[in-house]
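*Asks:* sequence-free structure coming up:
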């Protein structure tokens, strides 16, 4: 079992910070840098930008300090007899900086670890073990995804968060102008980059997120078609039914009766 020793989410150090562990932390230490920092690992100095992370082995000497204030980071320390072999299996980079492909997701996972740890309960240790394994596996998985090319890579994090938000909140109403403005891009360039990164248009993802939620509700509730349409962001039930038929090749009622 992997055990959480300590954990911190969105720690803001207004006056900066310097962490110096000349003999290592004594356990595995993970830091997600959300501000620029200088890092020295076993005598080798690195300058890291925000969204980089380090995963240190227990006996590796390291130091990091702020290069801008306020300094913000997320972190956790963990240990366990199985952990070394698990990290070796995942082939995660140890004792050197690496880029977090989806830093917001990493930060959210650390926030969840902190919450579970505070809440306690009879299954706390098992939940933490699974959450830590999941986070480490995600970090390993993201390293094998093909890198975004050209200017698309610059906006990968922001556009990935927008895409996640579309699927988290299918009932919400978004305009292309608002989404483009949120990342300071023109609407046409935003649409171009989005399709380059994800292979589909923003509008397709908006529709798909709503219809996937509609299918879930049709499969798992007895709500009326009209209620489901509203819950999926459709003001007009007829429009919902037409769009569902077009993309799912069945009417909502026909889809529900298929089982």
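*Replies:* Noted; the coordinates are in hand. In this text the structure is predicted, and so the values were computed from the model without any measurement.
*Asks:* hey, which helix or strand in this structure has the poorest pLDDT?
*Replies:* Each helix and strand of the chain was given a mean pLDDT (mean pLDDT, DSSP states H and E); the minimum falls on helix 150-154 at a mean of 65.
*Asks:* how about the helices in the stretch 101-250 of the chain?
*Replies:* Counting by DSSP state H, counting those that start in this stretch, the stretch 101-250 of the chain forms helices over residues 103-119, 124-142, 150-154, 156-168, 176-182, 187-198, 202-220, 225-231, 237-248, given from the N-terminal end onward.
*Asks:* What lies in contact with the first one?
*Replies:* The set of residues that contact helix 103-119 without belonging to it, under Cβ atoms under 8 Å, 6 or more residues apart in numbering, is 4, 7-10, 32, 34, 50-51, 53, 74-76, 100, 124, 127-128, 131-132, 134-135, 138-139, 157, 161, 164. Bear in mind the C-beta positions are built from the backbone N, C-alpha and C, glycine included.
*Asks:* Show me which of those are buried.
*Replies:* Among the contacts of helix 103-119, those classed as buried by 16 or more other Cβ atoms under 10 Å are 4, 7, 9, 32, 34, 51, 53, 74-76, 100, 128, 131-132, 135, 138-139, 157, 161.
*Asks:* pLDDT below threshold where in the stretch 51-200 of the chain?
*Replies:* Applying pLDDT under 70 to the predicted model, the residue ranges of the stretch 51-200 of the chain that meet it are 146-153.
*Asks:* Could you grab the helix/strand/coil label for residue 72?
*Replies:* For residue 72, the secondary structure call by DSSP: H, G, I helix; E, B strand; the rest coil comes out as strand.
*Asks:* Which helix or strand contains residue 20?
*Replies:* Using DSSP states H and E, the secondary-structure element containing residue 20 is strand 18-21.
*Asks:* And the residue nearest the centre of this structure?
*Replies:* Nearest to the mean C-alpha position of the chain, counting by Cα atoms, centre = their mean, stands residue 105 at 1.8 Å.
*Asks:* Distance check, that residue against residue 119.
*Replies:* Look at residue 105 and residue 119: by Cβ to Cβ, to the nearest Å, they are 21 Å apart.
*Asks:* can you check residue 242 too?
*Replies:* The value you get for residue 242 to residue 119, if Cβ to Cβ is used, is 45 Å.
*Asks:* Of these two, which one has the most company?
*Replies:* Under the criterion of other Cβ atoms under 10 Å, the comparison of residue 242 against residue 119 puts residue 242 first, with 12 against 9.
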